[in-house]
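>>> Below are the sequence and a predicted model for it; my questions follow.
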Amino acid sequence: MNKRYWLGLSVVLIVLDIILTYWHNYQLPLDGDLVHIVLPAPYYAKVLEDPFGWGVLTKNEAYAATNRFFAHASMSLYWKQVPRLLQHFTSPINSLYIASALFNTAVQILILVILAAYVRLGARIKSNSWNFWLGVVLMTPLFQTAGFAEQMGIVNHAITYSFFYALPIALLLLMLWPFFRAACLNQPLHLRPWQMVLLVLLMVVIAFNGPIATAAVAVLMICIGLYWASQQWQHRAFRLRVGWLSGQAISLLVILAIFSIYSIYIGQSNIENVNTHTLSELYRLLPTGFQQQITLDWGLPLLIGALLVNPLLIRLFVPISSERQHILKSLRWVGLFAVVFILLLPFGGYRPYRPYLIRGDSILPILIGLFFAYGISTLFLLGQLRGRIRACYAVVVALFSGAFIYADLIIKMPYNSDCERWALEQIAQSPDPVVHISPYCTLLHWSSMNDSQDSKIAGEMLHYWGVTTTAKLYDQK
């Protein structure tokens with residue numbers, strides 16, 4: 001009865017958080033890349049015609065988004081269909097913000113649920129529904145949509161970034177699940193032929209979804225290689241078969257590596273790349289980027305502090321066992337992953353909107369790793385500690401979670417869509433072919449629109465969505 005009560009309370013809290021997340025996402029404005037990708041703009045048409053970059057390989061072509069076909073295709077499909085479907089129940093303008101909020105919220109829930117499954121298995125505790133929901137409850141406050149979103153948000157305020165960053169990471173977590181499960185159980189991977197085919201197809205989608213997932217794969221391969229070498233060193237004999245890392249697992253990981261390397265190669269022909277800095281100059285930017293990211297707010301330092309305290313508590317209060325060693329090793333591997341990922345960031349090139357390389361979106365795989373590390377170490381301690389120590393630790397965890405919940409509830413969104421909605425209504429209601437709108441906010445562009453001809457793609461997209469009866473132009477002079 002006691003567990004049922006807590007389980008019910010947990011589900012209620014999770015549902016309330018989902019509602020809050022949806023409400024925050026519903027208030028967000030639409031970003032400046034959206035319509036150019038969805039329509040698409042002429043410079044994004046080539047990637048949809050050449051999904052796997054054969055032109056780069058065979059003709060030495062260069063064009064925008066060479067290795068991002070599935071991000072562009074999924075975004076175009078979603079934004080051309082979902083707002084139109086929602087217009088059976090709401091106005092065209094509202095449908096845009098509902099579509100954005102639904103997608104962001106759904107991706108966040110997907111990542112949270114997958115992570116909870118990873119945490120329940122990785123924590124080496126009894127596998128039951130209660131521990132799964134406890135994992136969800138522990139990590140839910142970390143998913144910020146308002147409070148610390150700029151510093152450690154998993155789903156971006158710009159909907160385009162959610163398609164290009166959060167969604168591929170969710171797919172990567174899904175794809176890695178069979179490998180993670182085999183590793184935790186220390187059993188060889190055994191998949192049926194149809195499961196292997198589906199996994200390979202998912203690898204293709206991940207590899208051609210943008211740089212963030214392929215970068216994470218590259219670091220994972222380094223870590224897996226180090227793990228293999230450490231296992232061989234411990235056994236003092238080089239053998240191909242080492243626990244889960246054998247047979248099918250090695251074959252599939254090689255396929256994933258080949259797809260990722262090819263994607264990274266054709267990604268070098270992306271004309272959106274900015275080659276204004278040398279590699280040494282980019283490395284000199286890293287310390288500033290790290291310092292700015294850590295000091296941006298107190299959410300990430302608080303999480304890192306918890307990840308420093310938890311291993312200490314494990315060593316002090318949990319007897320030596322294989323489970324304890326597994327948790328401590330897992331935390332060390334997460335730390336190694338984070339360090340290697342940051343050190344490889346300069347190889348991704350320079351972007352003016354990320355002047356110091358490190359930003360919430362560029363370190364998204366690290367944030368996922370930190371959430372996982374917090375989840376497994378906290379869940380393990382709650383399961384292993386006894387008596388007053390456990391009660392005190394549970395209170396500290398509750399206060400820790402409360403701090404993140406408070407930040408997400410109290411801290412206001414840095415901006416909302418009110419001005420943008422007003423501008424859309426101006427365009428929709430105006431009889432003029434060229435509409436002069438408010439200059440106080442951007443509209444489907446990253447900056448104010450001084451030349452009405454620059455709004456042609458946005459005007460065509462607004463007409464497609466039914467916001468306007470004809471394609472119009474607008475400016476913000």
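Great, that's in hand.
>>> make it CA atoms for all contacts and neighbour counts henceforth
Fine.
>>> From Arg332, how far off is the residue nearest the centre of the chain?
Centroid-nearest residue in the chain, with Cα atoms, centre = their mean: Ala166, separated by 2.6 Å. From Ala166 over to Arg332 the distance is 24 Å, taken as Cα to Cα, to the nearest Å.
>>> likewise Glu420?
Counting by Cα to Cα, the gap from Glu420 to Arg332 is 46 Å.
>>> Those two: which has the busier surroundings?
Shown here are Glu420 and Arg332; by other Cα atoms under 10 Å, Glu420 has more neighbours (20 against 14).
>>> what secondary structure does the more buried one sit in?
Here Glu420 is helix, with the state taken from DSSP: H, G, I helix; E, B strand; the rest coil.
>>> so how far is Gln27 from it?
10 Å.
>>> Also Arg68?
Taking Cα to Cα, one finds Arg68 at 28 Å from Gln27.
>>> repeat for Leu279
From Leu279 to Gln27 the distance is 39 Å (Cα to Cα).
>>> How about the contacts made by the residue nearest to the centre of the chain?
The contact partners of Ala166, taken as Cα atoms under 8 Å, 6 or more residues apart in numbering, are Val107, Gln108, Ile154, Val155, Asn156, Leu364.
>>> Would you check that the last one makes contact with Gln151?
In other words, Leu364. No: if you go by Cα atoms under 8 Å, Leu364 and Gln151 don't touch, sitting 10.3 Å apart.
>>> can you list the weak-confidence ranges in the stretch 151-300 of the chain?
Where the stretch 151-300 of the chain drops to pLDDT under 70, the residues are 234-243.
>>> so where do the helices sit in it?
For the stretch 151-300 of the chain, the helices defined by DSSP state H, counting those that start in this stretch occupy 159-161, 167-185, 193-207, 211-235, 248-267, 279-295, 299-317.
>>> what's the spacing between the third one and its chain's center?
For helix 193-207, the separation from the chain centroid amounts to 20 Å (computed by Cα atoms, centre = their mean, to the nearest Å).
>>> Please identify the buried residues of that helix?
Leu199, Val200, Leu202, Met203, Val204, Val205, Ile206, Ala207 (16 or more other Cα atoms under 10 Å).
>>> Show me what that helix packs onto, helices and strands only.
Contacts defined by 3 or more Cα pairs under 8 Å, 6 or more residues apart in numbering; DSSP states H and E place helix 193-207 against helix 167-185, helix 211-235, helix 248-267.
>>> In PDB, list the C-alpha atoms belonging to that helix.
Provided in PDB are the C-alpha atoms of helix 193-207 (Å, rounded to 0.1, in the frame of the first residue of the first chain):
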ATOM      1  CA  PRO A 193      17.800 -11.000 -38.400                       C
ATOM      2  CA  TRP A 194      14.900  -8.600 -38.600                       C
ATOM      3  CA  GLN A 195      16.000  -6.900 -35.500                       C
ATOM      4  CA  MET A 196      19.500  -6.400 -37.000                       C
ATOM      5  CA  VAL A 197      18.000  -5.000 -40.100                       C
ATOM      6  CA  LEU A 198      15.900  -2.500 -38.100                       C
ATOM      7  CA  LEU A 199      19.000  -1.500 -36.100                       C
ATOM      8  CA  VAL A 200      21.100  -0.900 -39.200                       C
ATOM      9  CA  LEU A 201      18.300   1.200 -40.700                       C
ATOM     10  CA  LEU A 202      18.200   3.200 -37.500                       C
ATOM     11  CA  MET A 203      22.000   3.700 -37.800                       C
ATOM     12  CA  VAL A 204      21.500   5.100 -41.300                       C
ATOM     13  CA  VAL A 205      18.900   7.600 -40.000                       C
ATOM     14  CA  ILE A 206      21.200   8.600 -37.100                       C
ATOM     15  CA  ALA A 207      24.300   9.000 -39.200                       C
END
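>>> so which strand or helix has Val435?
Per DSSP states H and E: Val435 is located in strand 434-436.
>>> And the strands in this protein?
With strands called from DSSP state E, the chain shows them at 434-436, 473-475.
>>> nearest to Val56, of those strands?
strand 473-475 (35.2 Å; Cα to Cα).
>>> just checking, what packs against that closest one?
Under the contact rule (3+ Cα pairs under 8 Å, 6+ apart), strand 473-475 is packed against strand 434-436, helix 456-465.
>>> how about a cut-off of 7 Å?
strand 434-436 (3 or more Cα pairs under 7 Å, 6 or more residues apart in numbering; DSSP states H and E).
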